[in-house]
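Peer 1: Mind looking at a prediction? Sequence and model below.
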Amino acid sequence: MAEFVDLRSDTVTRPSPAMRAAMADAVVGDDVYGEDPTINELEASVAAMFGHEAALFAPTGSMANQIAIQLVVPPGEELICDADAHVVTYEMGAAAAIGGVSTRTWGPVGADIDPDVVVDMIRPSGGYVVPTRAIAVEQTHNRGGGGVIPLSTLESLRAAADAAGVALHCDGARIWHAHVADGVPLRTYGALFDTLSVCLSKGLGAPVGSLVVSSAANIDRARVLRKRMGGGMRQAGVLAAAGAYALTHNVDRLAEDHAKAARLAEALAPFGVVAGTVRTNIVPLDLRKSPIDADALAAAARERGVLVSVLGRRLARLVTHLDVDDAAIDRAVEVLPAIFRN
């Protein structure tokens, strides 16, 4: 059989020849000493994109999120977020296990956040309660089907955070997709958050890497936290060079992935399995009313050369990315509806 059409995630992409050439040509040094010029340049560039003072390159998005959370929530105090948020779903309990951070969640509403619900959850200090120290949101929302939190909602959350004296963190693993979908400038997003994590390997095609973005004082602390968690890297400019290439060449083209996701959603719409409106590169499939469950769908699709992500017994996901071309989408549009018809 020909190579699979891999729609499991936008993390499965492979560096292009041009990206590999940029990696091979990278000037490197020891980053623990602050002497890798390619990393230093990437950190300064990303900080400027979001209008912040500084940034820190980290190996993974989970590490970047957990560093950011520890910056704004002391041990024994509280972070509040969505019940389906990556920081509490896919990061192995790191907030509690590593940071001593307590978490409490609002319902799994994806990008459709009601700021009033969040405001009502904030607990002040005193009375032996666990005080809320930060709110985290996810832009775009992974398990929320790539949903984009509206700018007005984020502005309301910023105002609520300021009024309560708490921090606002953005898990911006796919904030590039939100930027392309809604046209909101990255600096506008950056101005709303005390800390952000942004990922280079989800959608942008880099093989590895995320950054924590915040104030200079926070990033000084973040370097200590990164080292404590084993994230101190040496000649990692070869990785930063891939990220720099991705930011230069692969942000605007995310619109192509959004269009391909819309094609998949349109093809599957007659079967009543597309959950919500597809805005970015993620097509969530709600199979609760379907005769086929997620495991069966994935198995049948694999037999026909298409890979699908299973998120739950009745929840599956399709993700478009730069390694899925129009011919691959044609193949998926042929295969997936046929499974539901049968």
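Peer 2: Yep, it's here. Numbers count the residues shown, from 1 in each chain.

Peer 1: Residue ranges in this structure under the pLDDT threshold?
Peer 2: Low-confidence segments of the chain (pLDDT under 70): 1-2.

Peer 1: residue ranges of the strands in it, please?
Peer 2: 5-6, 54-58, 78-82, 102-106, 132-138, 167-172, 195-199, 210-214, 282-286, 306-307, 309-312, 315-319 (DSSP state E).

Peer 1: Minimum distance to L268: which of these has it?
Peer 2: strand 282-286 (7.1 Å; CB to CB). Every C-beta, even on glycine, is put in place using the N, C-alpha and C of the backbone.

Peer 1: which secondary structure elements does that closest one contact?
Peer 2: Applying 3 or more CB pairs under 8 Å, 6 or more residues apart in numbering; DSSP states H and E, we find strand 282-286 packed against helix 254-268, strand 315-319.

Peer 1: chain center to that strand: distance?
Peer 2: Strand 282-286 has its C-alpha centroid displaced from the chain centroid by 16 Å (CA atoms, centre = their mean, to the nearest Å).

Peer 1: For A181, which residues are in contact?
Peer 2: A181 makes contact with 140, 148, 258, 279-280 under the criterion CB atoms under 8 Å, 6 or more residues apart in numbering.

Peer 1: quick revisit: reformat the strands of the chain as JSON lines; add mean neighbour count.
Peer 2: Below are these laid out as JSON lines (neighbours: other CB atoms under 10 Å):
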{"stretch": "strand 5-6", "mean neighbour count": "21"}
{"stretch": "strand 54-58", "mean neighbour count": "25"}
{"stretch": "strand 78-82", "mean neighbour count": "24"}
{"stretch": "strand 102-106", "mean neighbour count": "17"}
{"stretch": "strand 132-138", "mean neighbour count": "25"}
{"stretch": "strand 167-172", "mean neighbour count": "27"}
{"stretch": "strand 195-199", "mean neighbour count": "29"}
{"stretch": "strand 210-214", "mean neighbour count": "31"}
{"stretch": "strand 282-286", "mean neighbour count": "25"}
{"stretch": "strand 306-307", "mean neighbour count": "20"}
{"stretch": "strand 309-312", "mean neighbour count": "16"}
{"stretch": "strand 315-319", "mean neighbour count": "25"}
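
Peer 1: And those strands: which comes nearest D325?
Peer 2: Of all these, it is strand 5-6 that lies closest to D325, at 9.5 Å by CB to CB.

Peer 1: What pairs with that closest one, parallel or antiparallel?
Peer 2: strand 306-307 (parallel) (DSSP bridges).

Peer 1: so who does A173 touch?
Peer 2: Here A173 is in contact with 61, 86, 138, 142, 197-199, 202, 210 (criterion: CB under 8 Å, 6+ apart).

Peer 1: ok, back up a step: reformat the strands of the chain as JSON lines; add distance to R226.
Peer 2: Converted to JSON lines, the strands of the chain look like this (distance: least, CB to CB, whole Å):
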{"stretch": "strand 5-6", "distance to R226": "31"}
{"stretch": "strand 54-58", "distance to R226": "6"}
{"stretch": "strand 78-82", "distance to R226": "19"}
{"stretch": "strand 102-106", "distance to R226": "21"}
{"stretch": "strand 132-138", "distance to R226": "19"}
{"stretch": "strand 167-172", "distance to R226": "16"}
{"stretch": "strand 195-199", "distance to R226": "12"}
{"stretch": "strand 210-214", "distance to R226": "8"}
{"stretch": "strand 282-286", "distance to R226": "29"}
{"stretch": "strand 306-307", "distance to R226": "33"}
{"stretch": "strand 309-312", "distance to R226": "29"}
{"stretch": "strand 315-319", "distance to R226": "28"}
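
Peer 1: Tell me the one of the contacts of A181 nearest D30?
Peer 2: T140 (35.2 Å).

Peer 1: Nearest to L239, out of the strands of the chain?
Peer 2: Closest among the strands of the chain, once you apply CB to CB, is strand 54-58, at 7.8 Å.

Peer 1: Let me see the contact set for the nearest residue to R223 once chain neighbours are set aside.
Peer 2: Sequence neighbours aside, L56 is the residue nearest to R223 in space, at 6.2 Å (criterion: CB to CB, 6 or more residues apart in numbering). Taking CB under 8 Å, 6+ apart, we find L56 in contact with 43, 64, 67, 211-212, 219, 222-223, 226.

Peer 1: Mark which of the residues you listed are buried, thanks.
Peer 2: 43, 64, 67, 211-212, 219, 222-223, 226 (16 or more other CB atoms under 10 Å).
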